[in-house]
Structures are given as structure tokens and as C-alpha cells.
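Chemist: 3D, please:
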Amino acid sequence: LWALESLAWDGKYLMRVSLILARLADKAPDVRMVNTPLNSLRQIFLPWLPQTSVGVDDRIRILRKIAGEFEEVGWELLTGLLPQNRGFATFTPRPLWRDWSLNWSPGVSHQDRIKEEKACATMLLDMAGPDELKWLKLIELLEQFDPQSRTRIIEGLKGYEVESLNSESRDKIYEALREKISKHRRYADSNWAFGKSEVDQLEEVEKYFEPKDYVSRYLWLFDHYPELPDQSIKVPWKEREVAVYEKRREVLERILEKDGLEGVLRLAEFAKSPGDVGFTLARAKLVAEDEEIIPKLLDHENQNIVSLAISYSSRRFFDEKWDWVDGFVRDAWSANSLVNLALAIRDDDRVWEFVEKHGEIVEEKYWTQVSRYILPITEENISYAVSMLLKYNRPFSAIEVLSHAAYNKMDLSPQLVMDTLFEA
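Modeler: Residues are numbered from 1 along each chain as shown. Model prediction:
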């Protein structure tokens, strides 16, 4: 690669060198390395630091040739040549016995840089065609395009044949647009954010790709930290949490009205944070009878559905405490249902009595699964908790419990500490 990069300094060889590097990049394995043929091409053609003696017009002509003969390599190269906020470059070797780089100096005129960047943007737009993956990439890199090219992208999306897409591809483009719009709405006061009119145009495009399915349309809301598009980043986090909860409640009400509990379960199956589905159902009291959720969903084959049921149970316990558990739980429940209900109960060591009461199988499942982060540890019960973790072969979790207790200045038995360390 160094030899080819040295030859690239001379205009007589640049075309041949570039096509050789493109062919190598086309055949090269996909590895995370800096020293690759594709990266060599990027260093040679970088608009703000081209490492060749060839002028901008000839560089653009060679880039077109690469894109025409090696489409995928050309696409990767051109996206890598777009302007970046934190872009960097490394110097390529210069010839020692030829004068090809003697008159070269770092940097180019602003006019030449803009000319090459716009040419790269134009080539990318021409290459996108009907390929939804390429359009997803264009949306992802939207900030790196000049305003004129962004307008072309928006117009291209408006003219896209949406009906030709399958639901998965349509959902991906919709989600990419939604995230982009949300970002620029929330940071509207930043100097890098798009203007209101441009964001409005993106919202118009977003409607073309909006999923017909209400569940798919609002799947993003049940992520771990969703950001509402109409809410400034300056809003205090407590206010944002309230707004997110209200929006989630509104969406779940609509799904229940339209598709019933089956629609909510479908949402939970694909949600990144299914627990928030269950939590919202319980907090907003959207389910008429607990029996619709518990115990059957606590022992479901789909782990996302189980997470929904655990979070639902956790919120119901928070509201009603042990009166709810004692009046609701039946011995006929499966071991998995009883264990998952126990895992939903936090900050109350009475749960350990509940586990013991329901037999050895429930006890074993609970103590082998419970996270040390949710154990309600006090000075009075730490010996019991550690002994149970050791009983079910979890010495390292027991050490973590002791470490946390020591950090909180709890009075620990030296014998308990020694026994735990010996077990580990």
C-alpha cells in the first residue's frame, strides 16, 4: 500500500493506482484496520488534504471512474470523503527519489474543497437509486451534506416509491427520519441544527414512510431513554420523564382500544424496553383485571413478555404492597410465575419468606437468578442473604453484596467475610 500511495503523487499514475486500490478494496476482507486499500484511497482524495499533486478536476474524474467500476467501494469511499466535524487524516509516504511532491503543501483552497465535496455528494445521490440501504445511509449522514444536496435528498425521498418497500425497510427509513427530526427539534438553538423550514420538510417526508401499523409507529417510545421530538434538551429531566410517561400511556390506550392486549404484547415483543410497557400498564391502571397479565405472562416463553409481566407486578406491588400479593397469589401457580413475581418485589426482605414458603424449587430458582442490585440488604439480614447466595453457588455475588455493605459502613462479621472469600 505504501508503494501505491507513493506512486499516487504523480498524475501519470494516479488513475492506475486508484483502480488497483479499488480492486484490492473490493476483494479485501472486512476487517477493523487503519492500513487498508480503502483508507489509502481516502487519504489520497480527502478534499481538505488531498495527498497527490493532481488538481481537483482530475481527482473528481478519477472518483467517478472508481464509482462506475466498483460501486460498493465507490460508495464507501465517497461517504468517507464527506465533511466531518471530527475528521482526521494521516500522511501517506512521499517519493524520495522523484520530485512529484516537491511543490505540495498541506491544505487546499476553500473553493477546491467545496467543489470536491459537492461532487462527492452529487455522485452519492446519483448512485442511491432505489436501494433503501443507501437512502438510510444518506439520511444518517444528512448533516454532512451541503444545503443544496440536502434539498436533493429530501426531494428524492419525496419521490421514492414507498409502496415498493417491505414493512421492515419502510420502518427503518421512518425511524431514521424520526430520529433525525427529533434531534434537530430538540437542539434547535444549536448553531449546527437545521432551520425550522428544513425540519418541516423532513417531517413532510416522514409522513410518506410512516408505518401503517400503530405498534411499529411508536415502537421507539419504548426504548430505554426515548427523547420526545417536540421537547427541548433544556427541559429538566423530571419534566421529560413525566412527558414520556404521558405519551406512553396515550399510545398504550390507543393500542388497547384498537388491537386489545394482543397489540400491547406485540409491542412488548419488539420493544427494546418491554418492562416500560408493563410498568405503564400498571401505573396507569389500563388493564381491568390483573389476571390478564398475571400469572400466565410471568411464565411466558418470550422473555420480553416476561419482562413486561415482571415490571407490571413490580408496579402493582409498589401501589398495593403485601395485601395485593397475599390476596392474589395461589399455590397452584407455576414455579416460574412465583419466582418472577418474587424478582419483581424489591426493597422488602419479606420476599425471602415468600420464596421459602413456596418450596425448594422456587427458592433455588430465585437465589440463582436474583441480581445483587435488587437485594434489600440491611445489617440485620446480610448474613442470611450471603448464606443463601453461597448455598446456591454464587460466591462472587456474595462478595459484591459484602463490598456494597462495607461501602455503606455496615457492621460486617469477620467470620462471614472469611467464609465468603474461602468459598470463592
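Chemist: what is the rounded mean pLDDT of the helix or strand containing S387?
Modeler: Using DSSP states H and E, S387 sits in helix 382-391. Confidence for helix 382-391, expressed as mean pLDDT, is 94.
Chemist: mind saving the C-alpha coords of whichever helix or strand comes after that helix as CSV?
Modeler: Using DSSP H and E, the helix or strand that directly follows helix 382-391 along the chain is helix 395-407. Listed next in CSV are the C-alpha coordinates belonging to helix 395-407 (Å, rounded to 0.1, in the frame of the first residue of the first chain):
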residue,chain,number,x,y,z
PRO,A,395,-19.8,-16.7,46.0
PHE,A,396,-18.8,-13.7,43.7
SER,A,397,-22.3,-12.2,44.0
ALA,A,398,-21.9,-12.7,47.8
ILE,A,399,-18.6,-10.8,47.7
GLU,A,400,-20.3,-7.9,45.8
VAL,A,401,-23.0,-7.8,48.4
LEU,A,402,-20.4,-7.6,51.2
SER,A,403,-18.5,-4.9,49.2
HIS,A,404,-21.6,-2.8,48.8
ALA,A,405,-22.4,-3.2,52.5
ALA,A,406,-18.8,-2.2,53.5
TYR,A,407,-19.1,0.9,51.3
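Chemist: Quick one: distance of helix 395-407 to the chain centre.
Modeler: 32 Å (CA atoms, centre = their mean, to the nearest Å).
Chemist: Mind listing residues that contact it?
Modeler: Outside helix 395-407, the residues that touch it by CB atoms under 8 Å, 6 or more residues apart in numbering are 372, 375, 377, 379, 382, 385-386, 389-390, 412, 416-417, 420-421, 423-424. Every C-beta, even on glycine, is put in place using the N, C-alpha and C of the backbone.
Chemist: What residues sit buried inside stretch 318-336?
Modeler: By neighbour count on 16 or more other CB atoms under 10 Å, the buried set for stretch 318-336 is 318, 325, 328-329, 333, 335-336.
Chemist: What's the end-to-end length of it?
Modeler: Terminal residues of stretch 318-336 are spaced 21 Å apart (CA to CA, to the nearest Å).
Chemist: for the nearest residue to N381 once chain neighbours are set aside, what are its contacts?
Modeler: Nearest residue to N381, sequence neighbours excluded (CB to CB, 6 or more residues apart in numbering): D349, at 5.0 Å. By CB under 8 Å, 6+ apart, D349 lies in contact with 376, 378, 381, 385.
Chemist: at 10 Å instead, please
Modeler: D349 makes contact with 375-378, 380-381, 384-385 under the criterion CB atoms under 10 Å, 6 or more residues apart in numbering.
Chemist: same thing with K258?
Modeler: Neighbouring residues of K258 by CB under 10 Å, 6+ apart: 214-215.
Chemist: model confidence over the longest helix seen in the chain, on average?
Modeler: In the chain, with assignment by DSSP state H, the single longest helix is helix 237-270. For helix 237-270, mean pLDDT rounds to 94.
Chemist: Quick one: name whatever helix or strand follows that helix.
Modeler: As assigned by DSSP H and E, the chain's next helix or strand after helix 237-270 is helix 274-283.
Chemist: quick one: low-confidence ranges for the stretch 1-150 of the chain?
Modeler: Low-confidence segments of the stretch 1-150 of the chain (pLDDT under 70): 31-33, 102.
Chemist: Any figure for the gap between the residue of the chain positioned farthest from its centre and L4?
Modeler: Largest separation from the mean C-alpha position in the chain: W97, at 50.2 Å (CA atoms, centre = their mean). Applying CB to CB, to the nearest Å, the value for W97 to L4 is 16 Å.
Chemist: Check S197 too.
Modeler: Per CB to CB, S197 is found 46 Å from L4.
Chemist: Likewise for L24?
Modeler: Counting by CB to CB - L24 and L4 are separated by 9 Å.
Chemist: now E71
Modeler: According to CB to CB, E71 and L4 sit 21 Å apart.
Chemist: quick one, what contacts E71?
Modeler: Taking CB under 10 Å, 6+ apart as the criterion, E71 is in contact with 26, 127, 129, 131, 134.
Chemist: Check the residues you listed and tell me the two furthest apart.
Modeler: Taking CB to CB, the two most distant members of the contacts of E71 are D26 and G129; they sit 19.2 Å apart.
Chemist: When these two are compared, which one has more neighbours?
Modeler: With neighbours defined as other CB atoms under 10 Å, D26 and G129 compare such that D26 has more, 15 against 11.
Chemist: hang on, the more buried one packs against V73?
Modeler: Yes: using CB atoms under 10 Å, D26 is in contact with V73, at 5.2 Å.
Chemist: between the contacts of helix 395-407, which is nearest A121?
Modeler: Distances from A121 to those, taken as CB to CB, are shortest for R372 (52.4 Å).
Chemist: coming back round to it: which of the contacts of D349 sit farthest apart?
Modeler: Spatially, the most separated pair among the contacts of D349 is L375 and E380, at 13.2 Å (CB to CB).
Chemist: neighbour-wise, which of these two wins?
Modeler: Neighbour count, other CB under 10 Å: between L375 and E380, L375 has more, with 23 against 9.
Chemist: Now do that one, the pLDDT please.
Modeler: Reported pLDDT at L375 in the predicted model: 88.
Chemist: residue contacts, it?
Modeler: Residues in contact with L375 (CB under 10 Å, 6+ apart) are 346-347, 349, 351-352, 367, 381-382, 385-386, 388-389, 397, 400-401, 404.
Chemist: Any of the residues you listed buried? List them.
Modeler: Those of the contacts of L375 that meet the buried threshold are 351-352, 367, 382, 385-386, 388-389, 397, 400-401, by 16+ other CB under 10 Å.
Chemist: Most widely separated two among those residues?
Modeler: Distance extremes for these: the farthest pair is V351 and E400 at 19.0 Å, using CB to CB.
Chemist: What ranges does the stretch 51-200 of the chain have for its strands?
Modeler: Taking DSSP state E, counting those that start in this stretch, the stretch 51-200 of the chain contains no strands at all.
Chemist: contacting residues around stretch 176-196?
Modeler: When contacts are defined by CB under 10 Å, 6+ apart, stretch 176-196 is touched by residues 85, 135-140, 142-143, 147, 150, 157, 198-203, 205-210, 217, 220, 226-235.
Chemist: I should have written stretch 414-424 there, sorry.
Modeler: 382-383, 386-387, 389-391, 393-399, 401-402, 405-406, 412-413.
Chemist: Give me the buried subset of the residues you listed.
Modeler: With burial judged by 16+ other CB under 10 Å, the buried subset of those is 382, 386, 389-390, 394-395, 397-399, 401-402, 405, 412.
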